[in-house]
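Enquirer: Sequence plus predicted model, see below.
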Amino acid sequence: MPEIILLSSAHIASRNSVLIENGGDGTTEIGCFSFLIKINGEWILLDTGIEDLAVANTTKSSAADWERNAEEFDLLSDLKRHGVKPEDVKKVFLTHSHYDHLSGITYFPHAKIYMSKAEYDFLLSDNPHQAVLKEQIAFLKKCDLHLFDRDGIVSSGVYATLVAGHTPGSVMY
């Protein structure tokens, strides 16, 4: 049975109009999460969360700022809390290429990194959201990157489904 650990890196009070078409004037608190998963003795990570709140706040579309409370941590601190070192993580699966999902990717130079080809192309585009990801883009250009362009098994038992998200190559695993 897999071991699944929720890693919470921040939260924001997002305008409902940002979250839902015709969402109204109210706000909803949403969190930024990653998942640390141990399968057959191997640690994998789903997304990497928010590393630098100040940088994350330059990318937001809500009036509120990302905040971190006492139960929310940057990725390295959270891994350490669970007794996991970055080199213990063998695979990282990215759902999409916004800062709040891949800002900590550079901690994993020895891991296999998985993302959709459409999302990688979007990451390399001139989209203004990607301007804060220069270090992450440079890392992805030289890492053990595994790109895929259709639904299916992308790594020993991990199934990827391309979904209509708020980026062109969003993925569910």
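Expert: The structure has been received and is ready for your questions. These figures come from a predicted structure and were not determined experimentally. Numbers count the residues shown, from 1 in each chain.
Enquirer: mind listing what the residue positioned nearest the centre of the chain touches?
Expert: When Cα atoms, centre = their mean is applied to the chain, the residue found nearest the centroid is His101 (2.2 Å). Counting by Cβ atoms under 8 Å, 6 or more residues apart in numbering, His101 touches 47-49, 94-95. For every residue, glycine as well, the C-beta is placed using N, CA and C.
Enquirer: Kindly recompute the last result at 6 Å.
Expert: 47, 95 (Cβ atoms under 6 Å, 6 or more residues apart in numbering).
Enquirer: Tell me which helix or strand comes right after the strand or helix carrying it.
Expert: Element membership for His101 (DSSP states H and E) is helix 99-102. Next along the chain after helix 99-102, taking DSSP H and E as the criterion, comes strand 112-116.
Enquirer: Show me what counts as buried in the lengthiest helix in the chain.
Expert: As assigned by DSSP state H, the longest helix anywhere in the chain is helix 134-142. Buried positions in helix 134-142, judged by neighbour count with 16 or more other Cβ atoms under 10 Å: 136-137, 139-140.
Enquirer: likewise stretch 112-132?
Expert: Within stretch 112-132, the residues scored as buried using 16+ other Cβ under 10 Å are 112-116, 118-120, 122-123, 129-130, 132.
Enquirer: which among these gets closest to Glu72?
Expert: The closest of the buried residues of stretch 112-132 to Glu72 turns out to be Val132 (Cβ to Cβ; 19.9 Å).
Enquirer: Isn't that closest one up against Asp100?
Expert: No. Using Cβ atoms under 6 Å, Val132 makes no contact with Asp100, being 10.5 Å away.
Enquirer: Can you list the residue ranges for helices in this protein?
Expert: 16-19, 53-59, 75-81, 99-102, 117-123, 134-142.
Enquirer: Tell me which of these approaches Gly157 most closely.
Expert: Closest approach to Gly157 among the helices of the chain is made by helix 117-123 (21.0 Å; Cβ to Cβ).
Enquirer: And the contacts of the closest one?
Expert: Contacts for helix 117-123 (Cβ under 6 Å, 6+ apart): 96-97, 130, 147, 149, 167-169.
Enquirer: one more time with 7 Å
Expert: For helix 117-123, contacts defined as Cβ atoms under 7 Å, 6 or more residues apart in numbering pick out 96-97, 130, 133, 137, 147-149, 167-171.
Enquirer: could you dump those residues to a markdown table with pLDDT?
Expert: Formatted as a markdown table, those follow (pLDDT from 0 to 100):
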| residue | pLDDT |
| --- | --- |
| His96 | 95 |
| Ser97 | 93 |
| Gln130 | 81 |
| Leu133 | 94 |
| Ile137 | 96 |
| Leu147 | 98 |
| Phe148 | 98 |
| Asp149 | 96 |
| Thr167 | 89 |
| Pro168 | 92 |
| Gly169 | 94 |
| Ser170 | 96 |
| Val171 | 97 |
